[in-house]
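Engineer: make a model of this:
(one chain, ligands or ions: 1)
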Amino acid sequence: MSSNNLMNYIAGEFVRQSSEDWMDVFEPATGKQFAKVPHSGPQEVDQAVAAARAAQPSWGALTHSVRADWLDRIADSLEAKYEDIAALESRDTGKPIALARAVDAYRSVANFRFFADLVREQGVERFEMSDATNIVVSKPVGVAALITPWNLPLYLLSWKVAPAIGMGNTVICKPSELTPMTANLLMETIHEVGLPSGVVNLVHGDGVGAGAPLTSHPDVDLVSFTGGTATGAKVAAAASPQFKKLSLELGGKNASIVFADCDLEKTVEGVTRAAFLNQGQVCLCGSRILIEDSIYDDFVEGFVDSVESMKIGDPSDESTQLGALISAEHLQKVEGYVSIAREEGGEVLTGGSPCLPKEFENGNWMAPTVIGGLPVDSRCSTEEIFGPVVTIHRFETEQQAVDIANNTRYGLAGSVWTGDLEKGRRVAEGIDTGMVWVNTWLHRDLRVPFGGVKDSGVGREGGRWSLGFFSEPLNICLKSNKISNT
Ligand code: NAD
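Structural biologist: Residues are numbered from 1 along each chain as shown. Next up, the predicted model:
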């Protein structure tokens, strides 16, 4: 068996699945198969849930401080593998190595460190009454299913594993079948540091085989899901009748609102980054750019120049800014939206097929694409494309900008670009969304709430919101029976 045939990790052991059913993993840049993952089913899910259930009481009984020390040990060991994380993530997802290092490797380590500190600080809350004292203690929820997508594989998995185990839960990870490599590396790390067996388990496989049995499993108490909105609806339908605790981080169609009083140069740079980071495959990407009428032509000229100057190609080249899309199917979907845009009357201002060396000709490549001239309610302007395609639109008033921003079923993020911070805040408050950046984008503080409204999800993770989600508060009211003599 090749070393790139990954195994499930259950009860502290790397184990073979029960069948000989494997799924191929492809390199997005070349289209070549380079690994296999088990196509696990209900039997593997049952084993992993049983292992997590068995480990939970003793893990949950440890103090916050002891569990925080374990998170720090995992962070130390992951940090030593920083370059491996970046290289694996770049190969597995097709993203540029420089991005994989600065974003994926950096955040995966930072997530464990951040939650180690936050968990360590957890205390018991007290509320005094005239004749009694209330104390609120945080108890673990129990066994947690953590399901993640392919765009930021270890970044998002570590964002769930760290707070979940930090608060005393035991977990079953189900990473995307398209990008399993760094989840495997996390299991190797956890094995190496000697985390008690069964605290973290991993089942590889697809949504139908492994994801669905996990979300409907009667012995799973909590589901934290990040992925597409249509899948989120299925997860909710499976988990809700059993009243599992549920967090859904779903899709987005975020607006970047550009006012005439912005710093044009910085805004062009920021809006380009917001549109095309990770080939536009970040749920927070600003894929609808709304521009105040008086600077529309100047902005569009600068923006198109900026987009055309981005270097696309070999993900392992340090100077590459744009890599490949995740899969041939996804490329087809994204290209399909460009055809729809043309049918809807849109004009492609830049984009088309990138010109790449021969070794990449079977990869999933698409040049960054900007589309103008579409109505604000067209499909390309309101549906999530999740690729390097943006639409641009004009507005005349603040209210018009807010109305266009809200003209979608999604409500995850957004950005406003203006020299007037009061206006920036006012416009931000008008947008039905979970997060808005003013004069910046994806400027993350791990303490703040992260999540969306409408079709972008239910609940918040991040900082104390994660700790709250991954725990249950128990209120104990203590009244002394001593009879007072006074
Ligand atoms: P996806 O919904 O296809 O898959 C996500 C995960 O769910 C995968 O592990 C998949 O195997 C699993 N899955 C599929 N069907 C399932 C089922 N029936 N039951 C349980 N699990 C199932 O999403 P994707 O294509 O991997 O990721 C892209 C999507 O994720 C985009 O819509 C993007 O906006 C969203 N996303 C959201 C956030 C956020 O924080 N809001 C972050 C990253 C990505």
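
Engineer: number of nearby residues for the residue in the stretch 351-486 of the chain that the ligand sits nearest to?
Structural biologist: Nearest residue of the stretch 351-486 of the chain to the ligand: residue 386, at 5.1 Å (Cβ to the nearest ligand atom). Just so you know, the C-beta spots here come from the backbone N, C-alpha and C atoms, and that holds for glycine as well. Counted with other Cβ atoms under 10 Å, residues neighbouring residue 386 total 26.

Engineer: residue 255 - that's part of a helix, no?
Structural biologist: No - the assignment for residue 255 is strand, going by DSSP: H, G, I helix; E, B strand; the rest coil, so no helix is present there.

Engineer: sorry, back to before: what sits against the residue of the stretch 351-486 of the chain closest to the ligand?
Structural biologist: 151, 251, 280-281, 283, 285, 330, 334 (Cβ atoms under 8 Å, 6 or more residues apart in numbering).

Engineer: from residue 331, how far out is it?
Structural biologist: Distance of residue 386 to residue 331, given as Cβ to Cβ, to the nearest Å: 11 Å.

Engineer: mind listing what residue 394 touches?
Structural biologist: 290-293, 296 are the contacts of residue 394 under Cβ under 8 Å, 6+ apart.

Engineer: Provide the backbone phi and psi angles at it.
Structural biologist: For residue 394, the backbone dihedrals are phi -100, psi 150 (criterion: degrees, to the nearest 10).

Engineer: which pLDDT does the model give it?
Structural biologist: Per-residue pLDDT puts residue 394 at 98.

Engineer: who's it bridged to?
Structural biologist: residue 291 (DSSP bridges).

Engineer: got the contact list for stretch 30-43?
Structural biologist: Contacts for stretch 30-43 (Cβ under 8 Å, 6+ apart): 2, 4-8, 16-19, 21-27, 44, 91, 177, 180-181, 203-206, 209-210, 213, 328, 359-360, 362-364.

Engineer: how about it: buried residues?
Structural biologist: 30-31, 35-41 (16 or more other Cβ atoms under 10 Å).

Engineer: mind checking how far residue 36 is from the ligand?
Structural biologist: 16 Å (Cβ to the nearest ligand atom, to the nearest Å).

Engineer: hang on, the earlier thing: ChimeraX command for the buried members of the contacts of residue 394?
Structural biologist: Those of these that count as buried under 16+ other Cβ under 10 Å are selected in ChimeraX with:
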select :290,291,292,296
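
Engineer: for the ligand, state which of the contacts of residue 394 is nearest.
Structural biologist: Closest to the ligand, out of all of the contacts of residue 394 and judged by Cβ to the nearest ligand atom, is residue 290, at 19.8 Å.

Engineer: surely that closest one touches residue 256?
Structural biologist: Yes - if you go by Cβ atoms under 8 Å, residue 290 and residue 256 touch, sitting 7.0 Å apart.

Engineer: hmm, back to that, format the contacts of residue 394 as JSON lines; extra columns: distance to the ligand and pLDDT.
Structural biologist: Below are those laid out as JSON lines (distance: Cβ to the nearest ligand atom, whole Å; pLDDT from 0 to 100):
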{"residue": "290", "distance to the ligand": "20", "pLDDT": "98"}
{"residue": "291", "distance to the ligand": "24", "pLDDT": "99"}
{"residue": "292", "distance to the ligand": "27", "pLDDT": "98"}
{"residue": "293", "distance to the ligand": "30", "pLDDT": "98"}
{"residue": "296", "distance to the ligand": "28", "pLDDT": "98"}
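
Engineer: just want the most central residue of the protein.
Structural biologist: residue 156 (4.7 Å; Cα atoms, centre = their mean).

Engineer: and that residue, its phi and psi?
Structural biologist: Dihedral angles for residue 156 - degrees, to the nearest 10 - are phi -80, psi -30.

Engineer: and the residue nearest to it when sequence neighbours are not counted, what does it touch?
Structural biologist: Excluding the flanking residues, the one nearest residue 156 by Cβ to Cβ, 6 or more residues apart in numbering is residue 148, at 4.7 Å. Counting by Cβ under 8 Å, 6+ apart, residue 148 touches 156-157, 160, 173-176, 183, 226-227.

Engineer: gap between residue 148 and residue 459?
Structural biologist: Counting by Cβ to Cβ - residue 148 and residue 459 are separated by 16 Å.

Engineer: for residue 412, same thing?
Structural biologist: 13 Å.

Engineer: between those two, which contacts overlap?
Structural biologist: Counting by Cβ under 8 Å, 6+ apart, the residues touching both residue 412 and residue 459 are residue 451.

Engineer: let me see the mean pLDDT of stretch 331-346.
Structural biologist: 96.

Engineer: give me the contacts around that stretch.
Structural biologist: By Cβ under 8 Å, 6+ apart, stretch 331-346 touches 325, 348, 351, 364-366, 369, 371-375, 378-380, 383, 385-389, 391.

Engineer: just these: which are in strands?
Structural biologist: 348, 369, 371-372, 389, 391 (DSSP state E).

Engineer: any chance of the residues you listed in CSV, plus neighbour count and distance to the ligand?
Structural biologist: Listed next are the ones in strands among the contacts of stretch 331-346 as CSV, based on neighbours: other Cβ atoms under 10 Å; distance: Cβ to the nearest ligand atom, whole Å:
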residue, neighbour count, distance to the ligand
348, 15, 23
369, 25, 18
371, 23, 19
372, 19, 24
389, 24, 14
391, 26, 17
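
Engineer: just name the closest of these to residue 57, please.
Structural biologist: Nearest to residue 57 out of these is residue 389 (Cβ to Cβ; 49.7 Å).

Engineer: list the beta-bridge partners for the closest one.
Structural biologist: In beta-bridge terms (that is, DSSP bridges), residue 389 pairs with residue 369.

Engineer: my guess is it contacts residue 280, does it?
Structural biologist: Yes - using Cβ under 8 Å, residue 389 is in contact with residue 280, at 6.6 Å.

Engineer: shared neighbours, those two?
Structural biologist: 287, 368.

Engineer: which residues does the residue in the stretch 1-150 of the chain positioned nearest to the ligand contact?
Structural biologist: At 3.1 Å from the ligand, residue 149 is the closest residue in the stretch 1-150 of the chain, using Cβ to the nearest ligand atom. Contacts here follow Cβ under 8 Å, 6+ apart; on that basis residue 149 touches 156, 176, 226-228.

Engineer: from residue 44, how far off is it?
Structural biologist: 20 Å.

Engineer: same check on residue 135?
Structural biologist: 41 Å.

Engineer: and the two? which has more neighbours close in?
Structural biologist: residue 44 (28 against 13).

Engineer: right, I'll call it a day here.
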